[in-house]
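Q: Using only what follows, build the 3D model:
(2 chains)
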Amino acid sequence: MTTVSDPSQRILELAAVLDFRAAAPLTESLLAMRGTALTIDASRVERIGGQCLQVLLSAQQTWSADETALSFTNMTPGFVEGLRLLGFSEADFTREEMPE
Amino acid sequence: MDAMAAVKQTFFQECEEQLAELETGLLAMERGEAESDTVNAVFRAVHSIKGGAGAFSLEDLVQFAHVFETTLDHVRNGALEPTADVMGVMLRAADLLADLVAAARDGLSVDSGRSEVLVTELTALSPGGVGADTEEEDDLSDFSFTPVTVAFDFSDAPADAGRSYTITFKPRPELYAKGNETALVLRELERLGQMETSCDASALPQLAELDPEGAYLEWTIRLTTEKGEDAIREVFEFVEWDSSLTIQASDADADVDSGAGSTEDAFAALLRSIQGDETALPTATAEIIPLPLAEEREAVVEVEAQPAKASAARNGSGGANANANAAAPQTIRADLERVDRLIDLVGELVINQAMLSQRVMEAGHVPGSAVALGLDELEHLTREIQDCVMAIRAQAVKSVFQRIPRLVREVASMTGKQVRLITDGEGTEVDKTVIDRLNDPLTHMIRNAIDHGLEKPEVRIAAGKPAEGVVRLSAMHRSGRIVIEVADDGAGINRARVKAIAAEKGLIAADAALSDEEIDNLIFLPGFSTASEVSNISGRGVGMDVVKRSIQGLGGRLSITSRPGKGSTFTMSLPLTLAVLDGMVVTVADQTLVVPLTAIIETLQPKPADVHGLGGGARVIAIRDTFTPLIDVGRELGFRNTATDPLVAVAILVETEGGRRSALLVDTIQGQRQVVIKSLESNYRHVPGIAAATILGDGRVALIIDVDTVIANSQSDATILEPVLAAAG
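A: Okay, the predicted model is just below:
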């Protein structure tokens, strides 16, 4: 996971394999960016599991409560397929959580 | 609890015991030890479950038990040979019977699909089949209660009609910790048919409160499939223990009690039967069960009300038990809460007696005076009462071991390995508090032994070993602790690979000089993995780390020995009880502490010539030509900043996990006594280096030292010491 510094919009690039081992580092990365408008780049994602899904859902919820923007970009087929298996659709992650 | 619920609870307790008998008997039959007593015991177990289930209108249970029993009857009367194939089906039938009992107890849905498969298999085994004679209601007349209507309608429940199921699935954190994955489970499920998945995330906290390794989501899946419920169960086979799972067929929500009269009616019938001449129903009192075969001999009186196997009486095989009915000791069934209360009170008594002794001494009564002698007697008596009370709650590990054969069968079939399980020391007793927490670590160790320990049959044959691997599970008492070993005859730990992986993962320095034992212990490090592919059976190294932590949480130790090509042995050593402890009471910086006696080898007064400083505050002590690290307990626990002068202190030589020795430096030794353990976590919070607390005779709280942690905490010093010690030693 790498971050690209941008004063207005920060980007978090998700790891390729979002299994249970990725959940803790992903949480840390997200917490470190709390309070800033964030774009999550899913361009490398090959698969996603239940625990990383939890983290992303919780992040959506948190950013929304903080009234800060959070969006997903470059969703790969692997990412979308993982979401579908776990009961979510691409649309659940394309709604941009915008302030106001 | 109302009376009906109480009787029902007793029935399920009895079922557990009958299922244990069943498993033991079937395994004896599988080994070719099928004496008529064994077969009878097996038959009787199934028959008793059927009878009790009938009284509670547990129809699915009754129906399946009936078919099972009919097949067993053919074995009993010699019409069916108990070959390996037959026993395979019987064992799976026993597994299903256990699941049906559990489902009935927990009010969960019943696997009609799995039942159907096994009913077909059991029927096929019987000469002429048993499918036709399902209307044998008179069979139930063996029991003195009013039989309920039994409809054997498996044919009405087709598995091929594209039935809809609603499945709710809520993983627990352990599911992920063991390397399983919800997404993979759901993908497998999807292969069965048309699936709609929805996820309930309402329990999900905000990111700051989220435990990334927790499990907060619950899935509801609507599945339309032509496969039966058994196929669905199979998908969840390896995760159902670590999740909440319900499977409901859309047309299966009919009232299970319908056609069987109301609950009140059933209870009234039950009461009538209890008040009658024969008491066939499992109750809290002694019971008389007529032997099912008329030609067997006269009825045997069976006094069999086991308080969750509180006595060691029943550690024989099922067959032996059937023989020994007349000689079986009388037992009563007691509420565990009452026993726990008694144990608590005796604990208070021990503390009170210690306080009284102290007051008497303070009042100036010299040892040897009449009062002091009387107190000594009181102390003996108190100790004896405590031992007796603890023995009430002691249970044979059999209750845990009996679940293992099934696990071995499942993991063996999953991994394609041939496994023979040998168990030993099932009668070894340990406190119930320990028993209750043995299951998880043991399950994981067995899975690990089969999945990672044993080789595949072809690899074994190539290595000149029998295709069938052996996993040996044994329990024994050793120096006041219970020791449980899981040994496999597999390939042993590949040390070069373990070391390379640990170095690659940055767990050790690439050039670290490690002993074989230290390399073996690397597998207990968090996140360590040797599996090149993800396995859904034993997970990865993450599992052994969890196992080790849970055993340490019980005050136990886990160690491993491994010989290349010969196999590995995991040894866990646990205290016999979590309620009392023999300890040495010591003083450190005006604080009173307790060192568990099991860790102590000897105590000594350091001499000036024996203590050597190594710089950085580290010191060693020479004990009979070996140098041992000297750990200043006062500094380690933060009671003082300056080092204690070893010449005015006492060194306690202790042995840790792996047999490494260290000397703990304390100010003075007050004495040795039994202390009642009070949890620090539940009353205060976890304190590193402290295992628990106790209350002393003067009413003060004394902390019990966690020897392994104190030594581990001083390990940074020890690492510096290693080369020096090696040179010195």
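
Q: B:N40 contacts B:R76, doesn't it?
A: Yes - with contact defined as CB atoms under 8 Å, B:N40 reaches B:R76; the gap is 6.7 Å. In this view, the C-beta of every residue, glycine as well, is placed from N, C-alpha and C.

Q: The two: who's more crowded?
A: When B:N40 is set against B:R76 and neighbours are counted by other CB atoms under 10 Å in any protein chain shown, the residue ahead is B:N40, at 22 against 18.

Q: Checking my notes, that one in a helix, right?
A: Yes - under DSSP: H, G, I helix; E, B strand; the rest coil, B:N40 falls within a helix.

Q: distance of it from chain A?
A: 49 Å (CB to the nearest CB, to the nearest Å).

Q: So which residues on chain A come close to chain B?
A: Applying CB under 8 Å from any CB of the partner chain, we find that chain A lies next to chain B at A:19-21, A:23-24, A:26-27, A:30-31, A:34, A:47-51, A:53-55, A:57-59, A:61-62, A:65, A:82, A:85-88.

Q: Write the ChimeraX selection for whichever of the residues you listed are buried.
A: In ChimeraX syntax, the buried subset of these is picked out as below (16 or more other CB atoms under 10 Å in any protein chain shown):
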select /A:19,20,21,23,26,27,30,47,48,49,50,51,53,54,55,57,58,59,61,62,82,85,86,87,88
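
Q: Cross the residues of chain A next to chain B against helices and list the overlap.
A: A:20-21, A:23-24, A:26-27, A:30-31, A:50-51, A:53-55, A:57-59, A:61-62, A:65, A:82, A:85 (DSSP state H).

Q: Using the record's assignment, carve chain B into domains.
A: B:3-149+B:261-327, B:163-249, B:336-395, B:397-575, B:580-728 (automatic domain parsing).

Q: what would those look like in JSON lines with mean pLDDT?
A: Converted to JSON lines, these look like this (pLDDT from 0 to 100):
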{"stretch": "domain B:3-149+B:261-327", "mean pLDDT": "65"}
{"stretch": "domain B:163-249", "mean pLDDT": "88"}
{"stretch": "domain B:336-395", "mean pLDDT": "84"}
{"stretch": "domain B:397-575", "mean pLDDT": "83"}
{"stretch": "domain B:580-728", "mean pLDDT": "81"}
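
Q: Tabulate those domains in a markdown table, adding columns for distance to A:T94.
A: Shown next, in a markdown table, are the domains of chain B (distance: least, CB to CB, whole Å):
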| stretch | distance to A:T94 |
| --- | --- |
| domain B:3-149+B:261-327 | 37 |
| domain B:163-249 | 17 |
| domain B:336-395 | 55 |
| domain B:397-575 | 30 |
| domain B:580-728 | 44 |
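
Q: Which helix or which strand is home to the closest residue to B:L356 other than its chain neighbours?
A: In space, not counting the residues next to it along the chain, B:L356 is nearest to B:L375; the distance is 6.8 Å by CB to CB, 6 or more residues apart in numbering or on different chains. With elements taken from DSSP states H and E, the one containing B:L375 is helix B:370-393.

Q: do B:S568 as well
A: Per DSSP H and E: strand B:567-575 holds B:S568.

Q: Could you do B:A53 as well?
A: Going by DSSP H and E, B:A53 is part of helix B:36-55.

Q: Quick check: the gap between the closest residue to chain A within the stretch 351-500 of chain B and B:V710.
A: For the stretch 351-500 of chain B and chain A, the shortest gap (CB to the nearest CB) falls at B:H444, measuring 16.1 Å. B:H444 sits 27 Å away from B:V710, going by CB to CB, to the nearest Å.

Q: try B:S250
A: Applying CB to CB to B:S250 and B:V710 gives a distance of 59 Å.

Q: so how far is stretch A:30-40 from its chain's centroid?
A: 9 Å (CA atoms, centre = their mean, to the nearest Å).

Q: Show me what counts as buried in that stretch.
A: For stretch A:30-40, by 16+ other CB under 10 Å, it's A:30, A:33, A:36-40.

Q: Check these and tell me the two furthest apart.
A: Between any two of the buried residues of stretch A:30-40, the greatest separation by CB to CB is 13.2 Å, found for A:L30 and A:A37.

Q: returning to that earlier point: between B:S250 and B:V710, which has more neighbouring residues?
A: B:V710 (22 against 12).

Q: count of neighbours near the closest residue to that one other than its chain neighbours?
A: Closest residue in space to B:V710, ignoring its immediate chain neighbours: B:G689 at 4.8 Å, by CB to CB, 6+ apart. When neighbours are defined as other CB under 10 Å, B:G689 has 19 of them.

Q: pretty sure B:G689 contacts B:E636?
A: Yes - the pair B:G689 / B:E636 is scored as a contact, 6.7 Å apart, by CB under 8 Å.

Q: Between the two, which contacts overlap?
A: Common contacts of B:G689 and B:E636 (CB atoms under 8 Å, 6 or more residues apart in numbering or on different chains): B:710, B:713.

Q: so how many other residues sit close to B:P367?
A: Neighbour number of B:P367 under other CB under 10 Å is 10.

Q: Show me where the stretch 301-450 of chain B has its strands.
A: B:394-396, B:418-424, B:429-431 (DSSP state E, counting those that start in this stretch).

Q: Any idea which of these gets closest to B:L189?
A: strand B:418-424 (27.9 Å).

Q: what's B:L665 in contact with, if anything?
A: Counted by CB under 8 Å, 6+ apart, B:L665 has contacts B:606, B:630-634, B:644, B:646, B:649-652.

Q: which regions of chain A sit below the pLDDT cut-off?
A: Counting by pLDDT under 70, chain A shows low-confidence ranges at A:1-8, A:95-100.

Q: 90 instead?
A: A:1-10, A:16-17, A:19-22, A:35, A:46-47, A:67, A:77-78, A:89-100 (pLDDT under 90).

Q: what about stretch B:50-67, distance to the chain center?
A: 28 Å.

Q: Now do the end-to-end distance for it.
A: 10 Å (CA to CA, to the nearest Å).

Q: can you check stretch B:353-371 too?
A: 13 Å.

Q: Next, the buried residues of that stretch.
A: B:353-354, B:357, B:360, B:365.

Q: so which of these also contact chain A?
A: Within these, nothing lies near chain A by CB under 8 Å from any CB.

Q: Please save the CA atoms from stretch B:561-580 in PDB.
A: Written as PDB, here are the backbone C-alpha positions of stretch B:561-580 (Å, rounded to 0.1, in the frame of the first residue of the first chain):
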ATOM      1  CA  THR B 561      10.300 -31.800  20.000                       C
ATOM      2  CA  SER B 562      10.900 -33.100  16.500                       C
ATOM      3  CA  ARG B 563      13.100 -35.700  14.800                       C
ATOM      4  CA  PRO B 564      13.600 -35.500  11.100                       C
ATOM      5  CA  GLY B 565      11.900 -38.300   9.300                       C
ATOM      6  CA  LYS B 566      10.400 -39.600  12.600                       C
ATOM      7  CA  GLY B 567       7.800 -37.000  13.400                       C
ATOM      8  CA  SER B 568       7.000 -34.300  15.900                       C
ATOM      9  CA  THR B 569       5.600 -34.200  19.400                       C
ATOM     10  CA  PHE B 570       3.700 -31.300  20.800                       C
ATOM     11  CA  THR B 571       3.600 -31.400  24.600                       C
ATOM     12  CA  MET B 572       1.300 -29.200  26.600                       C
ATOM     13  CA  SER B 573       1.600 -29.100  30.400                       C
ATOM     14  CA  LEU B 574      -1.300 -27.600  32.300                       C
ATOM     15  CA  PRO B 575      -2.100 -27.000  36.000                       C
ATOM     16  CA  LEU B 576      -4.600 -29.600  37.400                       C
ATOM     17  CA  THR B 577      -6.800 -26.800  38.600                       C
ATOM     18  CA  LEU B 578      -7.200 -23.100  38.100                       C
ATOM     19  CA  ALA B 579      -8.500 -22.700  41.600                       C
ATOM     20  CA  VAL B 580      -5.600 -23.300  43.900                       C
END
